[in-house]
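Student: okay, sequence plus prediction incoming.
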Amino acid sequence: MAPSSSSSSMTAEYAKSNRSTCKGCSKTIDSKSLRLGIVTKDPRGYEAIKWHHPSCFPLPFHLSSSPESSIKGFSSLQISDQEAVKKLLAGQDNLQEKDDKATEGIENELEQTEASDPKKRKLCTSEVVVDINFSFSEAKSKYKDATLLPNWKAFQTVIFLERADGLNDSSKIAAFDFDGCLAKTDVKRVGADAWSLMYPSIPDKLQSLYNDGFKVVIFTNESNIERWKNKRQAAVDSKIGRLNNFIERVKVPIQVFIACGVGNSGKGKAAIKEDDPFRKPKPGMWQLMEKHFNSSISIDMDQSFYVGDAAGREKDHSNADIKFAELYYDFVFSRWTATILTFTATTSPCPRRDNGIAMATAILIQVRAA
């Protein structure tokens, strides 16, 4: 999500050396190549510039007027580069239109579901509340036969990260899924380094939320830790290693909960009659955080939100994320909405779509009081 024009401005120039680094992809910006900057002022009035490759510049970015008059240094650019910048900024209007249509489609689908069977959206307390008798003294440094990395503990079928320096409990929770939402991973690849940022703007987005007083929390399912009995240590090291590396990459204190249990599946002796209470869409991880990991601070549900990629759409691998939000929040509020949260929009060398711009989005399920 790009900063608004009221709080920042835009500048363009050719890099004077190769010492600057792109805030989007973290790669060097070559000397004499075009770079675009977002200019902000700190409380003391000093300017700070975050430089980007043109292909990594976060959109949408709203200018107060035309590029010629509102982008510092624009008139000094070569004509071809001026046109490229104009084209980049012009393309964001099409992106916004597509975002609006996608959002409308999701909301319409939710309204149709509610209208067709409203009883499905009314849940009783027994379906929602998980009886959790948690004590930090019961937390262990191993998950079954697998040793956890430093600062990680296990409780029943949940692995959690111990409190990190700078992590502040809050009434505002910014909660996220991990795989396919914050990090790009592949079930066929194992290892702490087998991941990449889902979108280059994620570090800045999380830092912004942290600065705004949100506590950032990750709720992630990882049943392989339970299933891989002969390779459990590898599964643990892979998942925790990726999360450690992600937190180091974004440089934001994050609270993490990993649900290792499995869902309702299988037949015969292997059948599991009930889902693990901590595995999404069950609300056990949320309630564990709320009751035991937030210093008894009441959570403002109208300001808190959850972001995930599993919304039950045609190409989604499941509906666990949207049900995770729906299950718990419908007990507290009478309705919830799903919209699109835009992390970034980029052009080449990132993967292109037919309009030349790759749009990065994730489902945002945000609670609103009726």
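Tutor: Thanks, I have it.
Student: any idea how far residue 50 is from residue 61?
Tutor: Using CB to CB, to the nearest Å, one obtains 12 Å as the distance from residue 50 to residue 61. No exception for glycine: its C-beta is placed from N, CA and C like everyone else's.
Student: identify the contacts common to those two.
Tutor: Listed as contacting both residue 50 and residue 61 by CB atoms under 8 Å, 6 or more residues apart in numbering are residue 38.
Student: all strands for the stretch 101-250 of the chain, in order.
Tutor: 142-143, 146-147, 152-155, 158-161, 173-176, 183-184, 196-197, 215-221 (DSSP state E, counting those that start in this stretch).
Student: quick one: closest of those to residue 71.
Tutor: Nearest of the strands of the stretch 101-250 of the chain to residue 71, taken as CB to CB: strand 196-197 at 27.1 Å.
Student: just put the strands of the stretch 101-250 of the chain in a markdown table and tack on distance to residue 190, mean pLDDT and mean neighbour count.
Tutor: Below are the strands of the stretch 101-250 of the chain laid out as a markdown table (distance: least, CB to CB, whole Å; pLDDT from 0 to 100; neighbours: other CB atoms under 10 Å):
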| stretch | distance to residue 190 | mean pLDDT | mean neighbour count |
| --- | --- | --- | --- |
| strand 142-143 | 17 | 97 | 18 |
| strand 146-147 | 14 | 96 | 15 |
| strand 152-155 | 18 | 97 | 20 |
| strand 158-161 | 17 | 98 | 24 |
| strand 173-176 | 22 | 88 | 24 |
| strand 183-184 | 14 | 89 | 18 |
| strand 196-197 | 15 | 90 | 15 |
| strand 215-221 | 16 | 94 | 24 |
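Student: figure out which of those is closest to residue 74.
Tutor: strand 196-197 (29.6 Å).
Student: domains for this structure, by residue range?
Tutor: 9-77, 130-367 (automatic domain parsing).
Student: show me the shaky parts of the stretch 1-150 of the chain.
Tutor: For the stretch 1-150 of the chain, the stretches with pLDDT under 70 are 1-7, 42-43, 60, 91-130.
Student: ok, now which ones touch the residue nearest to residue 232 when sequence neighbours are not counted?
Tutor: Closest residue to residue 232 apart from its sequence neighbours, by CB to CB, 6 or more residues apart in numbering: residue 146 at 4.4 Å. Under the criterion of CB under 8 Å, 6+ apart, the contact list for residue 146 reads 225, 232-233, 235-236.
Student: tell me what residue 146 is bridged to.
Tutor: residue 143 (DSSP bridges).
Student: hmm, back to that, any chance of JSON lines for the strands of the stretch 101-250 of the chain, columns distance to residue 31?
Tutor: Formatted as JSON lines, those follow (distance: least, CB to CB, whole Å):
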{"stretch": "strand 142-143", "distance to residue 31": "49"}
{"stretch": "strand 146-147", "distance to residue 31": "48"}
{"stretch": "strand 152-155", "distance to residue 31": "43"}
{"stretch": "strand 158-161", "distance to residue 31": "41"}
{"stretch": "strand 173-176", "distance to residue 31": "37"}
{"stretch": "strand 183-184", "distance to residue 31": "30"}
{"stretch": "strand 196-197", "distance to residue 31": "26"}
{"stretch": "strand 215-221", "distance to residue 31": "36"}
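Student: quick one: which of the ones you listed is nearest residue 134?
Tutor: strand 152-155 (6.3 Å).
Student: so which elements touch the closest one?
Tutor: strand 158-161 (3 or more CB pairs under 8 Å, 6 or more residues apart in numbering; DSSP states H and E).
Student: rewinding a little: which one of the contacts of residue 146 sits closest to residue 279?
Tutor: residue 225 (11.3 Å).
Student: what about that closest one, neighbour count?
Tutor: For residue 225, the number of neighbouring residues by other CB atoms under 10 Å comes to 27.
Student: that one against residue 159, yeah?
Tutor: Yes. Counting by CB atoms under 8 Å, residue 159 is a contact partner of residue 225 at 7.4 Å.
Student: closest one to residue 249 among the strands of the stretch 101-250 of the chain?
Tutor: strand 196-197 (6.9 Å).
Student: and the contacts of that closest one?
Tutor: With CB under 8 Å, 6+ apart as the test, strand 196-197 has contacts from 182-184, 203, 249.
Student: possible to save the residues you listed as a markdown table with distance to residue 240?
Tutor: Below are these laid out as a markdown table (distance: CB to CB, whole Å):
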| residue | distance to residue 240 |
| --- | --- |
| 182 | 15 |
| 183 | 13 |
| 184 | 18 |
| 203 | 20 |
| 249 | 15 |
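Student: please identify which pair of these lies farthest apart.
Tutor: 184 and 203 (14.3 Å).
Student: include distance to residue 86 when you put the domains of the chain into TSV, please.
Tutor: Shown next, in TSV, are the domains of the chain (distance: least, CB to CB, whole Å):
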stretch	distance to residue 86
domain 9-77	6
domain 130-367	13
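Student: tell me where the stretch 201-350 of the chain has helices.
Tutor: All helices of the stretch 201-350 of the chain, identified by DSSP state H, counting those that start in this stretch, fall at 202-211, 224-227, 232-250, 284-292, 320-332.
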